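> After the sequence you'll find the predicted model.
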Amino acid sequence: MASLTDRMLRAARLDANLYEEVEADTTAMGQAMTVVILSSVAGGIGASAANGIGGLIGGAVASLIGWYIWAFLTYYIGTKWLPEPTTEADVGQMLRTLGFSSAPGIVRLAGIIPGLGTIVLITAPIWMLCAMVVAVRQGLDYTSTGRAVVVCLIGFVVQIVVILAVFTALGLMVGSQPGPPAA
């Protein structure tokens, strides 16, 4: 079994071979879910700089919920609505590849560094989206990167709406700085 750290680095570098490897490795589900959890916790820690403990918990929960929604939508859209003739994937294959596409989300830890929070919280999802495009292309056996982009963008938009809804429901603002309560 390949090391988790090595696989995460390769996933973050958008290594298409890594996504093929984890698609085929039925023992990689634990590693994939570990990546999702680490990325979600990193998102929460990054959000805590602006929103304290509420940002930590809300950010982690929103990231985790958002990922599951994104993964489900991507699998469904990619296999039911927009398959190619070569598309062949099961839920396990997709969860493994999509799990590793969360690896770039670890950089959200840097959100706790003053002045970097907003930049990191904007850049990380874009990097994760790029990784997901590679994961979807490989996991769904697409020959078209464009089709993978469309599938990912649809799921990405829904995921962002969910994350923003969770933050709004918890009274948190992404990238805001804590301050005195309004009078």
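Received the coordinates, thanks.

> so is residue 89 in a helix, a strand, or just coil?
coil (DSSP: H, G, I helix; E, B strand; the rest coil).

> give me phi/psi at it?
With angles defined as degrees, to the nearest 10, residue 89 sits at phi -160, psi 150.

> Relative to residue 161, how far out is it?
Distance of residue 89 to residue 161, computed by Cβ to Cβ, to the nearest Å: 25 Å. (Each C-beta comes from the backbone N, C-alpha and C, glycine too.)

> between the two, who's got more neighbours?
residue 89 (19 against 12; other Cβ atoms under 10 Å).

> my read: that one touches residue 80, true?
No. The pair residue 89 / residue 80 is not scored as a contact, 11.1 Å apart, by Cβ atoms under 8 Å.

> burial count for residue 43?
Around residue 43 there are 34 other residues, counting by other Cβ under 10 Å.

> wait, isn't it in contact with residue 65?
No. In this structure, residue 43 is not within contact of residue 65 by Cβ under 8 Å, at 11.1 Å.

> what do those two both touch?
With contacts defined as Cβ atoms under 8 Å, 6 or more residues apart in numbering, no residue is shared by residue 43 and residue 65.

> helices or strands up against the host helix or strand of residue 163?
Assigned by DSSP states H and E, residue 163 falls within helix 145-169. Applying 3 or more Cβ pairs under 8 Å, 6 or more residues apart in numbering; DSSP states H and E, we find helix 145-169 packed against helix 29-76, helix 117-139.

> Quick one: mean pLDDT for it?
What helix 145-169 shows for mean pLDDT is 85.

> Lowest mean pLDDT across the helices and strands packed on helix 145-169, which one is that?
Least confident of those, judged by mean pLDDT, is helix 29-76 with a mean of 83.

> How much space separates residue 48 from residue 115?
16 Å.

> So between those two, which is more surrounded?
Using other Cβ under 10 Å, the more surrounded residue of residue 48 and residue 115 is residue 48, with 20 against 7.

> The closest residue to the more buried one other than its chain neighbours: what's it in contact with?
Nearest residue to residue 48, sequence neighbours excluded (Cβ to Cβ, 6 or more residues apart in numbering): residue 56, at 3.8 Å. Residues near residue 56 by Cβ under 8 Å, 6+ apart: 44, 45, 47, 48.

> The residues you listed, buried ones only, as a PyMOL selection?
Listed next is the PyMOL selection for buried residues among these, using 16 or more other Cβ atoms under 10 Å:
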select buried, resi 44+45+47+48
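
> List just the nearest of the contacts of residue 56 to residue 85.
residue 44 (41.1 Å; Cβ to Cβ).

> which residues touch the closest residue to the closest one other than its chain neighbours?
In this structure, residue 44 finds its nearest non-sequential neighbour in residue 60, 3.0 Å apart by Cβ to Cβ, 6+ apart. By Cβ under 8 Å, 6+ apart, the residues touching residue 60 are 40, 41, 43, 44, 45.
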